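*Asks:* Model the structure of this input:
(chains A and B)
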Amino acid sequence: DAGVIQSPRHEVTEMGQEVTLRCKPISGHDYLFWYRQTMMRGLELLIYFNNNVPIDDSGMPEDRFSAKMPNASFSTLKIQPSEPRDSAVYFCASSPPGTPHEQYFGPGTRLTVT
Amino acid sequence: SQQGEEDPQALSIQEGENATMNCSYKTSINNLQWYRQNSGRGLVHLILIRSNEREKHSGRLRVTLDTSKKSSSLLITASRAADTASYFCAPDTGRRALTFGSGTRLQVQP
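*Replies:* Below is the predicted model of the structure:
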């Protein structure tokens, strides 16, 4: 299995630009999570989906952030417009059905907004 | 809070020594999970201990769980330089989403 795939691995953009991060979960997993990691705030859960439906988006910081999961094998996290404080590593993780609820993380996307 | 709190925040040991890190939490759990994060990488699931278990082993890892004290410990025996990483505990309350603390940064000196 290829594991969770994220793209791009690195993204450098200017303030005000739109940024789209992509994630392909492990086949057969029915939960998908988006996290953000910074030195100051640690690892924060942004949003998670079950069977492509958003379950909890209370961690999404602002309306500038949006996430979609159009099908079981693809999800996007979009920031529009981006700001320097959005600079972080964004992780996608997926989890198989049933219990226990271990999560499998992707390699992350390092976002730098200048 | 469903978040686990790891202690110590940082730990530096020599190769071959044992490393012990602790986790405290505040709510009832179904299980507790430990993850490792190498620098610049995603988290990797290490081991899970269920609420009705007191101790679990996996290779050089030993995890204990005391639900009465709401605490867990992760012991890495005979540490190696490759064990250098951050370690996170994640109490699983059945909510499905896990909440991670700040982690313990382990440095193993060769």
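*Asks:* interface residues of chain A facing chain B?
*Replies:* Residues of chain A lying close to chain B by C-beta under 8 Å from any C-beta of the partner chain are A:4, A:31, A:33, A:42-43, A:45, A:48, A:50, A:55-56, A:91, A:93, A:95, A:99-108. For the C-beta atoms, the positions are set from N, CA and C on the backbone; glycine is no exception.
*Asks:* Could you pick out the buried ones from those residues?
*Replies:* Buried members of those, counted by 16 or more other C-beta atoms under 10 Å in any protein chain shown: A:4, A:31, A:33, A:43, A:45, A:48, A:56, A:91, A:93, A:95, A:100-108.
*Asks:* Just give me the neighbour total for the closest residue to chain A within chain B.
*Replies:* Per C-beta to the nearest C-beta, B:G42 is where chain B lies closest to chain A, at 3.2 Å. Neighbourhood size, B:G42 [other C-beta atoms under 10 Å in any protein chain shown]: 22.
*Asks:* I'd say it and A:Q103 touch.
*Replies:* No: checked against C-beta atoms under 8 Å, the pair B:G42 and A:Q103 is beyond contact range at 9.6 Å.
*Asks:* Low-confidence bits of chain A, can you list those?
*Replies:* A:1 (pLDDT under 70).
*Asks:* can we see that at 80?
*Replies:* Along chain A, the model assigns pLDDT under 80 to residues A:1, A:99-100.
*Asks:* Pretty sure A:R85 sits in a helix.
*Replies:* Yes: counting by DSSP: H, G, I helix; E, B strand; the rest coil, A:R85 is found in a helix.
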